[in-house]
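Asker: The following block contains a protein sequence and its predicted model.
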Amino acid sequence: MSHGGQLSLAAAARSAWSSLALLALCVALWSGPGEAQAAENTNLPPSSPPPEFMANKSPLPKLLLKDKRTNSYFTGFPVIGWDADVGFNYGGAVQWFDNGPKESPFFSYTPYRQRAAVTAAGSTRGSKRALIGYDRPYVADSPWRIRAAGAYDQNQLENYFGVGESTLGPLTYPGSPLAYDDFDEYNDALERNVNGQTWERYNKYRKTQTGGLLTLERDFWGGWLRPQFGMQYSYIDVRDYTGDTIDGAVMQPTRLFTDQQAGNVIGFNGGWDNALKIGLTFDTRDFEPDPASGVMLQAVGRISSEIIGSSFDYQQLTFSGRAFHNLLGDRGRLILAGRLTYVMQFGDVPFYSASVIPFTDGDVTGLGGFATLRGFSTDRFVADAAAYANGELRWSFADTVLWNQHLRFMLVPFVDTGRVFDSVDDTTFKNWKVDGGVGLRLAWNLSTVVSFDYARSGEGNLFYMELGHQF
């Protein structure tokens, strides 16, 4: 869960260390069953050839394989922090893994045989989120993989900054002649009560989404090529703040309401947003949750149509490549990681789905936020086409075994860049947005990665606590 408020460096540090302290406590509480003895893990499993449908896959690096747990175990951690928009965040996340026995031919070639995850979180300003997910590669020792998820997400303060290249400009609102480059100064201006009127939620709306997902994948070409087919169902409820009383002041017309009146918004009243998911992945990564080598190339389509019960007809396409290289080889882990993504959409896209970027391993939103440009607020830049790039240097500087749990710590400097375009024909390499920062990552029993990232851009700084690497 991202903590997307604009934080000072000191506030970010306080939030990070409080979360780490709770995380250390959680390690002790969740030292569940499994064969995780340090002495036992020093013995690598016997070398067994993988099934024919995995013939091209490489085994896990020895640096990781020696610490991989056998059979099933749990990991869990708190979701906690401060967000300037939604207030104090609280909740938790629990994951269950089944790695199977060490003697299995899958043990040395897969991150896990199955995984289930449950997350529940809320905030002091009324936002709520619940998620349950299940992932099972190689079902019944076959080349098939199934992913399923269900979610309820109620955000009282969802961002909307408009749609198009105009969002790349400075922050403005009708109550001031000024243009703001600093996000904190902009928010301070919006929150003023001027003669009983306010613009505090000019870039906000209420969004409640309930939905589910089911996808199937199958390995071809010895495990390097995976087509995917699936279905997403979701219902979205939208509520605008125009005319509401907020802290004794009347909320003036929001950006969403103004765009709706001008005829520039589709989906103002919410509705069903169902979609077919079709993708193709070429994947040579050595360890899916925390790669040290290999590439991952994806082409993914998300197709919404009234034929499958959606309220809208539109298409979204993503083309993305990720690459990983260990600069230290067998001497340690210093991973140079990079990603380049281009996304486009066509048709009657509802405004709340215009920021969706489909991937086979989980859709994200942007540009802006942890998944894309970490130095900018979530969905800060949205248009019919977008491109972005991310670069990270992941240095594993320490590891230990604590209460039968293997912990590895990473320091991760990073840089993000990207921009949106009104159409594919408008694509240019000029005036891309840039941010940078540093992260502390914790790899817990290899497959659970917790990220604490601090990012800074020309508009301010942000701190995140998230599950998994950015990519």
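Answerer: All right, it came through fine.
Asker: What pLDDT does the model give D188?
Answerer: On pLDDT, D188 comes in at 96.
Asker: what's the burial count for it?
Answerer: As a burial measure, D188 scores 11 neighbours (other CB atoms under 10 Å). (Glycine included, C-beta is placed from N, CA and C.)
Asker: That one sits in which helix or strand?
Answerer: According to DSSP states H and E, D188 maps onto helix 183-190.
Asker: Of all the residues in that helix, which ones are buried?
Answerer: Buried positions in helix 183-190, judged by neighbour count with 16 or more other CB atoms under 10 Å: F183, D184, Y186, N187, A189, L190.
Asker: and the first one, what does it touch?
Answerer: Residues near F183 by CB atoms under 8 Å, 6 or more residues apart in numbering: Q6, L171, S377, E459, G460.
Asker: Please, where are all the strands along the stretch 301-450 of the chain?
Answerer: Remark: strands assigned in the stretch 301-450 of the chain by DSSP state E, counting those that start in this stretch are 314-326, 334-347, 356-357, 364-365, 385-402, 405-421, 433-444, 448-457.
Asker: so of these, which one's packed in deepest?
Answerer: Across those, averaging neighbours per residue (mean count of other CB atoms under 10 Å) puts strand 356-357 on top, at a mean of 23.
Asker: for that one, the distance to its chain's centre please.
Answerer: For strand 356-357, the separation from the chain centroid amounts to 11 Å (computed by CA atoms, centre = their mean, to the nearest Å).
Asker: Same check on stretch 371-381?
Answerer: For stretch 371-381, the distance to the chain centre is 11 Å (CA atoms, centre = their mean).
Asker: Excluding covalently adjacent residues, which one is nearest to G222?
Answerer: Spatially, and ignoring its direct neighbours in sequence, G222 is nearest to N56 (2.9 Å; CB to CB, 6 or more residues apart in numbering).
Asker: what about the one you found, distance to D330?
Answerer: Shown here: N56 relative to D330, a distance of 22 Å by CB to CB, to the nearest Å.
Asker: With V420 instead?
Answerer: With distances taken as CB to CB, V420 is found 42 Å from D330.
Asker: Narrow the contacts of F183 to those in strands?
Answerer: Applying DSSP state E to these, the entries found in strands are G460.
Asker: Closest to D361 out of the contacts of F183?
Answerer: Among those, S377 lies closest to D361 (CB to CB), at 24.2 Å.
Asker: For Q315, give me its contacts.
Answerer: Counting by CB under 8 Å, 6+ apart, Q315 makes contact with G301, R302, I303, S304, Q345, F346, G347.
Asker: would you turn the residues you listed into JSON lines with pLDDT and distance to R441?
Answerer: What follows is the contacts of Q315, written out as JSON lines (pLDDT from 0 to 100; distance: CB to CB, whole Å):
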{"residue": "G301", "pLDDT": "98", "distance to R441": "31"}
{"residue": "R302", "pLDDT": "98", "distance to R441": "29"}
{"residue": "I303", "pLDDT": "98", "distance to R441": "35"}
{"residue": "S304", "pLDDT": "98", "distance to R441": "35"}
{"residue": "Q345", "pLDDT": "98", "distance to R441": "32"}
{"residue": "F346", "pLDDT": "97", "distance to R441": "37"}
{"residue": "G347", "pLDDT": "97", "distance to R441": "38"}
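Asker: How about exporting stretch 117-126 as PDB, limited to the C-alpha atoms?
Answerer: The C-alpha coordinates for stretch 117-126 follow below in PDB (Å, rounded to 0.1, in the frame of the first residue of the first chain):
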ATOM      1  CA  ALA A 117      -2.100 -13.600   0.000                       C
ATOM      2  CA  VAL A 118      -4.500 -11.600   2.000                       C
ATOM      3  CA  THR A 119      -4.300  -7.900   2.700                       C
ATOM      4  CA  ALA A 120      -6.600  -5.700   4.700                       C
ATOM      5  CA  ALA A 121      -6.000  -2.000   5.400                       C
ATOM      6  CA  GLY A 122      -7.800   1.200   6.200                       C
ATOM      7  CA  SER A 123      -7.200   4.800   7.000                       C
ATOM      8  CA  THR A 124      -8.400   7.400   9.500                       C
ATOM      9  CA  ARG A 125     -10.100   9.300   6.700                       C
ATOM     10  CA  GLY A 126     -12.400   6.500   5.600                       C
END
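Asker: Kind regards, and thank you for your time.
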